[in-house]
Each structure stands twice: as C-alpha cells, then as structure tokens.
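In: Quick one, what's the 3D model for this:
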Amino acid sequence: NNLDILTEVAGSIKALHIDTTEHTCSIILADFLSAEGQNMTGSNLFNPLLLPNGTVIPNRIAKAAMEENLANEAHAPGEALVKLYQRWAEGGAGLIITGNVMVDRHALTGPAGVVLEDDRNLGKFKLWADACRSRGAQAWMQINHPGRQLLASLGQSARGPSAVAVDIPGLSKAFVPPRALEEQEIEELIERYTQAAVLAERAGFTGVEIHAAHGYLFSQFLSPLTNRRDDRWGGSLENRAQILLRTIDAIRQRVAPIFCVAVKLNSADFQRGGFDAEDAARVVEMLNTKAVDLVELSGGSYESPAMQGQTRDGSSLAREAYFLEFAETIGEIARMPLMVTGGVRRKEVAERVVSGSVSMVGLATALAIEPALPKQWMAGRDIKVEPIVVRWKNKTLASLAVASVIKKQLGLLSQGKRTKPGTSPLLALIGNQLKARRQAKSYRQWIDQAR
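Out: Residues are numbered from 1 along each chain as shown. Prediction:
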C-alpha cells in the first residue's frame, strides 16, 4: 500500500544522503502517491505524508498542542497524561504533539507543567511516548520557555529578550515584570532546548516541535514590540531570528537524521507594530535553509489570543481554519510541509485545509471534546464538534473561561471519563483558578526542595 511504498522509498532517499535542497523530490513523490490515494478515497485527509527527513506520517490530521497542567508531583508525565494521550492515540490522529514541555524548571507556562532538564524521570517520558505511538502515530514533544509570559503565582523571576512586561487590562499584575536576558543566558537557553530534544529522542519520541509562537520566548525574540535589544540578538529580523535558527542547528547536530525537528510559528502577533505576515514569510524563507521537517502556523499571544479567535488589532477571525489564507500564501515559499492549527471542527473544513499547499491540519479544542474525531471521520461519519463560545463583555475573562472549559475536558479524558462540553464557563473558570492556586503552591514547594 502507499504507506509501505513511502517507507521503502524514504529509506532509499536516506541511503543516498540527499541534502536538504534536494528533499523536494521526496515531497513530490509523497504528493504523487497522495494524489493516487485521493482518486480511490475521495479525500487527501487520510493519505500519508512523507517529510523531508524520510519520516512518514500515516495521515494528515495532527493532535495539536494544548496546555494540560497535568504533570505529576515531580513535574513529569504521570498516569493522568499517559491515559490522556492513549485516548488520542486510539482516536486515529497521524501525528500527536504534546503540550508544553518546559526546558527550565524555573520557567513554566503554567502550574503542573511538565519539565525536561535531565534524565531523572526518563522512564516516565518513555511511558508517555509509548502511549502516543501505541496506534502508529508519530509523536513529537513540544519544547518551550515562557519568557516574559510567566505567572507571578509561580514565585519565579521572569526573563525575556527585553524588559517589556505583559500588558493585559486588569491582569497585568498576574505576570512577573521581566528583565532582559544576558548573552550568556541566551547561549545557555539554546543548550537547554537542545538537551530537551536529545532526551526526547532517548525517551522514544520521534521528533520535537520548537514553540516560536503565541508570545512565548522565541516569539518574543521575533517581535519588535518585545525585542528591543541593540546587540546581535535584536534589531533586524535576521538578528531577532538567530536564537531560533541557532537552536535548530544545535538540535540537528545531536539527534539522528530520522528524528523530526519542527517549528511552531506565528502567522502574525495581531498587535499593531508587532510581528506580522511579511515577517513570518521572511522567517519561513530562513527556515528553508535549515533541516526543518514541518512548520506549524498559528498566531497571537496572551495579549492578543488569536489562537482562540480573538485579536487585539481588530482583525476578524470568526471562522474555522483561522490561519489558512496566510498558510496558502506561505505555501508558495516554503520548501517544507506546512500545518495549520486554529478552529477546525468539521471534516469538510479539514479536507479544505489539506486540499492545496498545506499538508497537515491541526486539531486542538475539537480533540479535547471528541478525541476519536479522526477515527470517526475515517469511518465516514461526518460529525462535527460545536465551538466553545463565551460571550462575556470582558474579553480577557471570556478567553480564560474558554481555556478553563477545555482544561476541564482534558481532566475528564485523563480519568477515562466522557467529556462535558456544556460545562458552565463560570464554574469551570472558578474551578480552574482554585486548582491553579493549589498547583502553584505545590510547584513552589517542589522548587524549594530542589535547592
């Protein structure tokens, strides 16, 4: 079948030591075989995808990353995360990307976050990887650092490219004012990302995704609003992208060629004067020169949560596949496969995403509500997931409520229970805030014990 053919050809390509610029031939081959499969199935959604390094993803649906806050007491993946990802593996996605895995225990995107600095809990990570891969999916670990987007409740100091605080009306005090990173600290961070990738490979993950979107550290370096440095890490876009490019190179030097390296990139920050679509296109051109296997396109930050359909610059995202139009433009530039995540809930929309220059569609909220959605679609059931909508006047609180409802579903799935998407947003928000306080207290105790 097509998957067997692709795997065999991929091995031949690797044996020939074809360089990055010649990987186009493997992508053309994958597109050809996908076209052959489409003639028989009527859909490209369930055809395999051959990546530049020879890896084959069984279908074009990815479980995109979500913030779970379900780590165990050692901030490693415990039983809850393993059960949750087993549900997604059984659900039929061809690619499973984990939620944030932090490269520094002192810098978490939220309480009860997973941390990977050394091999002390590697056995737990192996169980996690095994669950992700148990039904044949590729399993990638998303590696990240919050930078300035660090909650004050965690009791740690924040660092970013520049001393620019998070500005969210009514919630700015919830974040720690950052200081600017010193050059040596930037070099150390590159090593932290690299070490996390090496450990992910040892644990059995088949790749990593470097998070350079949603206002986290690498996204902060890329944006002129948050990167005001006047050294080699700031100024021009080429300089602002150096930490990302250097990290990709460092990881590639220390992992196997078949181990995937992907990047999650904002199509825009959706803030006036920030990182925009033109900047994103130029960064993709820079990534073309690196051994990058896939670029996932998303958008926004804590200040402008476009990933939830809301923006700060007045742009409208009231539709599914928020970032598809931009991605199709980038598809004319990118030499690696592209993935779009943001708002997809229906099979017809997912099929539209992968019908052109975009190779993968990422599902997040939809899989938090119905983890078996890919399998349902594959069986010909065109079921859809209703969006979680909170129509409060306070957009910030509404955004937090949506996230709380989603986290409630993740918690239920991790316990082997059915989801309850009709959960009250207010009760979910209150419950999540109380839980986050307990988790933050536990985290501070864990940090104190480690000193």
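In: Centroid-nearest residue for this protein?
Out: A centroid search over the chain (CA atoms, centre = their mean) returns Ala65, at 4.4 Å, as the residue closest to the centre.
In: Can you name the residues that contact it?
Out: Neighbour list for Ala65: Ile97, Thr98, Gly99, Asn100, Gln142, Glu209, His211, Lys264, Ala364 [criterion: CB atoms under 8 Å, 6 or more residues apart in numbering]. C-betas here are computed from N, CA, C, even on glycine.
In: Show me the shaky parts of the stretch 1-150 of the chain.
Out: Low-confidence segments of the stretch 1-150 of the chain (pLDDT under 70): 1-42.
In: what do you get if the cut-off is 90, keeping everything else the same?
Out: 1-43 (pLDDT under 90).
In: Now do the helices for it: every range, in order, please.
Out: Using DSSP state H, counting those that start in this stretch, the helices of the stretch 1-150 of the chain run over 2-15, 24-41, 79-91, 122-133.
In: now the angle from the last one to helix 79-91?
Out: What it means is helix 122-133. 20 degrees (axes from the mean of the first three to the mean of the last three CA atoms, to 10 degrees).
In: List the buried residues for helix 122-133?
Out: Lys124, Phe125, Leu127, Trp128, Ala129, Asp130, Ala131, Cys132, Arg133 (16 or more other CB atoms under 10 Å).
In: which other helices and strands contact the strand or helix carrying Gly431?
Out: Using DSSP states H and E, Gly431 sits within helix 425-450. Contacts defined by 3 or more CB pairs under 8 Å, 6 or more residues apart in numbering; DSSP states H and E place helix 425-450 against helix 395-414.
In: Counting by contacts, list what the helix it packs on packs against.
Out: Judged by 3+ CB pairs under 8 Å, 6+ apart, the packing partners of helix 395-414 are helix 79-91, helix 365-369, helix 425-450.
In: Could you pull up the mean pLDDT of the shortest one?
Out: The predicted model assigns helix 365-369 a mean pLDDT of 96.
In: try the longest one
Out: In this model, helix 425-450 carries a mean pLDDT of 95.
In: could you give the angle of that helix to helix 395-414?
Out: Here helix 425-450 runs at an angle of 70 degrees relative to helix 395-414 (the same axes, to 10 degrees).
In: which of the residues in helix 425-450 are buried?
Out: Quick answer for helix 425-450 (16+ other CB under 10 Å): Pro425, Ala428, Leu429, Gly431, Asn432, Lys435, Ala436, Gln439, Ala440, Tyr443, Ile447.
In: same thing with stretch 200-220?
Out: By neighbour count on 16+ other CB under 10 Å, the buried set for stretch 200-220 is 200-201, 203-220.
In: Gln288 contacts Glu332, doesn't it?
Out: In this structure residue 288 is Asn, not Gln. No. Judged on CB atoms under 8 Å, Asn288 makes no contact with Glu332 at a distance of 12.0 Å.
In: who has more neighbours, those two?
Out: Ranked by neighbour count (other CB atoms under 10 Å), Asn288 and Glu332 place Asn288 first, with 15 against 8.
In: pLDDT value on the residue nearest to that one when sequence neighbours are not counted, please?
Out: For Asn288, ignoring the flanking residues on the chain, the nearest one in space by CB to CB, 6 or more residues apart in numbering is Arg335 at 4.6 Å. You'll see Arg335 listed with a pLDDT of 96.
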